[in-house]
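**Student:** Here is the input, now give the coordinates:
(2 chains)
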Amino acid sequence: MSRIIRTLGDGWVIARRNVIKIRRVPEVLVFVVISPIMFVLLFAYVFGGSIDIPGGSYREFLIGGIFAQTVIFGATFTGAGIADDIHKGIINRFRSLPMAKSAVLVGRTASDVIYNLISLLIMALSGFIVGWRFHEGLLNAALGFGLLLLFAYAFSWIMGYIGLLVPSVEVINNAAFMVIFPLTFVANTFVPAENLPTVLRVFAEWNPVSAVTQAVRDLFGNLPTGIPEPTVWPLRNSILYTLIWVVLIIAVFAPLAVRRYGTAAKRG
Amino acid sequence: MANAIEARGLVKTYGKVTALAGLDLAVAEGTVLGLLGPNGAGKTTAVSILSTLIEPDAGEATIAGIDLRAHPDLVRSKMGLSGQSAAVDEQLTGFENLDMVGRLYHLGRNRSRERANELLERFDLTEAAARPVKTYSGGMRRRLDLAGALVAEPPVLFLDEPTAGLDPRSRNELWEVIRELVGRGTTLLLTTQYLEEADQLANDIVVIDHGREIAHGTSRELKRMIGGERIEVSVTNAEDAAKVRHVLTSYASGEIQHDATTHTLVAPIAGGADVLTRVLRSLDAEGIAVEDIGLRRPTLDDVFLTITGHHAEEEPPAEEATPGRGEKKKRGAK
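**Tutor:** Residues are numbered from 1 along each chain as shown, chains lettered A, B, ... in the order given. This is a model prediction of the structure:
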């Protein structure tokens, strides 16, 4: 018990430090703010006109997918932050202190939720401007946002682990891209999954990104009436399936990352 | 007196590169050991192992009587690390950095703040306390870095090349601080590439090369081994080198080194400026045209020439050593 308290206490110190850094280097926030706006506008106006969704508006359909993709990309900050701390020798300082071994990762993943909170807010606002609405009440909408944040939180443990593996900060973005791009595009994020070729369709149906997207569309009331109800289990039980993945990802990647952290050092 | 730091047979290899090849170290409580060697000799690896950052492939060590492998967490509460292998956060202010370290030592909120302010005051950083570290000069940054290692007043301190890249004034200031610390009874292991630094600060000096000890002694013993000051003579005409050597022979206290490419001869001498005057007179009497002549203190290179017969060469770096070196240059430039 005292170990858990110590871990949370140390994690809090690290999270606080990261938040101070967000305030000191607001340039990073520009990316956090601009890219969601760009995505919403790009998809709404470039593709929005040429893609037809039976029984619904493509823009409304799209927003859920963009939300999911953007918060997943936001997890890259975790990896970049960790890699940067190693490169600067700050991880060495932390590791020379009698603090909890998992605290740096616990604090980092927690403070990075702020990035995702900001991008979600910005996206919701720009969504409103281009005509997106939620139809299932405020509570369901809040649940949708919560689910997105939770999924992104789990994902940032994957990215934190990758951040500990890569040799430099520059590599992290490419490494993240290789993981995130297929995951977010071979899914129902931008087009309904049933239109995909078989192999991709099966992947898309079991892809957790599809589930989280389906779940938020459901919670926002953005599912077009013209698209048939999904038949596969993950999409029929999208909230549960998403939560299972959240637990699974954290259960696998948190121990992996913490163990890796225990040997991470800038050697000079 | 008990040893505050003791290591036996430390071995660490990275792929084919042997960073440490069986290093023994012993530092008595309240004393300073200088670990002296060129880049890539294994100094940082040794400090990283002793400060629990990396695990050795073989060997054992105790810090403040605590077994390193069995209780790394306990060791961490007894030591502080500063210098090349640990850093401060550039975006945080000086105060925030120290306050954070205090909290991670679990000193508590009030004590952490108090301690941060004390250290800022002591290291003459109070005025800069509220400024982000990236605005600090190289010397200020090193002082803050050192302060970070002192937050919990640990009995054992590791300083990894604390003055690398600093200008002479900042270096002297840092030396003062370190001397004061040791005066209070802290046990210190210091790595350096400068013989002068080891001479100034350390009771005991261990010279390492390729991850193993090549010499060990007090600064006085080491000086006896390598001789005192050097006279360095450069001649314009290569033919004169032999004549200069002849002149120097009667003053030299050890072997004369001759660098044929720069036409420079170096001789260790027993005296100081008086010997230089006499050498100058002799050279003048012989009618030898001298391009440059001077007196200098022995360097790490001289130690290596005396002990191993070769220069203090930088190792081709192990893969892991590269970023460290780049980093050091960067820090030095600031």
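**Student:** And the contacts of stretch B:209-222?
**Tutor:** B:12, B:18-24, B:34, B:37-38, B:41-42, B:45, B:198-199, B:202-208, B:225, B:303-304, B:307-308, B:312, B:315 (C-beta atoms under 8 Å, 6 or more residues apart in numbering or on different chains). All C-beta spots, glycine's among them, are computed from the backbone N, C-alpha and C.
**Student:** and that stretch, which residues are buried?
**Tutor:** By 16 or more other C-beta atoms under 10 Å in any protein chain shown, the buried positions in stretch B:209-222 come out as B:209-216, B:219, B:222.
**Student:** before we move on, what about stretch B:261-277?
**Tutor:** B:263-269, B:275-276.
**Student:** In strands, which of those residues appear?
**Tutor:** Members of those lying in strands (criterion: DSSP state E): B:264-268.
**Student:** Run through the residues that contact B:L35.
**Tutor:** B:25, B:43, B:46-47, B:189-192, B:206, B:208.
**Student:** Kindly report the same for B:T93.
**Tutor:** Neighbour list for B:T93: B:129-133 [criterion: C-beta under 8 Å, 6+ apart].
**Student:** Residues of the stretch 1-150 of chain B that sit close to chain A?
**Tutor:** Selection of the stretch 1-150 of chain B residues close to chain A by C-beta under 8 Å from any C-beta of the partner chain yields B:14, B:44-45, B:48, B:51-55, B:73-74, B:76-77, B:79-81, B:84-92, B:96, B:100-101, B:103-106, B:132, B:148.
**Student:** Please repeat the previous calculation with a cut-off of 7 Å.
**Tutor:** Proximity of the stretch 1-150 of chain B to chain A, by C-beta under 7 Å from any C-beta of the partner chain, involves residues B:44-45, B:48, B:51-54, B:73, B:76-77, B:81, B:84-87, B:89, B:91-92, B:96, B:100-101, B:103-105, B:132, B:148.
**Student:** is it true that B:T191 touches B:D160?
**Tutor:** Yes - the criterion here is C-beta atoms under 7 Å, and B:T191 meets it with B:D160 at 5.2 Å.
**Student:** list residues touching both of those two?
**Tutor:** Here B:T191 and B:D160 share the contacting residues B:44, B:47, scored by C-beta atoms under 7 Å, 6 or more residues apart in numbering or on different chains.
**Student:** burial count for A:G226?
**Tutor:** The burial count assigned to A:G226 is 11, neighbours taken as other C-beta atoms under 10 Å in any protein chain shown.
**Student:** Where does it sit: helix, strand or coil?
**Tutor:** When classified by DSSP: H, G, I helix; E, B strand; the rest coil, A:G226 comes out as coil.
**Student:** what's around residue 47, how many residues?
**Tutor:** As the question left the chain open, I've gone with chain A. 14.
**Student:** looking at chain B here, not the other one
**Tutor:** 25.
**Student:** check contacts around it.
**Tutor:** B:85, B:158, B:160, B:189, B:191.
**Student:** same thing but at 8 Å, please
**Tutor:** B:35, B:81, B:83, B:85, B:158, B:160, B:189, B:191.
**Student:** Surely it is within a helix?
**Tutor:** Yes - assessed by three-state DSSP, B:V47 belongs to a helix.
**Student:** I'd like the distance between B:H210 and B:K243.
**Tutor:** Computed as C-beta to C-beta, to the nearest Å, the B:H210 to B:K243 distance reads 38 Å.
**Student:** what do you get for B:R8?
**Tutor:** 52 Å.
**Student:** Please enumerate the helices of the chain.
**Tutor:** Looking at chain A here, since you left the chain open. With helices called from DSSP state H, chain A shows them at A:2-24, A:27-41, A:58-74, A:76-88, A:90-95, A:103-111, A:113-130, A:137-165, A:169-185, A:198-206, A:208-220, A:233-236, A:238-261.
**Student:** The chain in question should be chain B.
**Tutor:** Using DSSP H, helices in chain B cover B:43-50, B:72-76, B:94-104, B:109-122, B:138-150, B:168-183, B:195-201, B:219-226, B:240-249, B:273-286, B:300-308, B:321-333.
**Student:** Having no further points to raise, I will conclude here.
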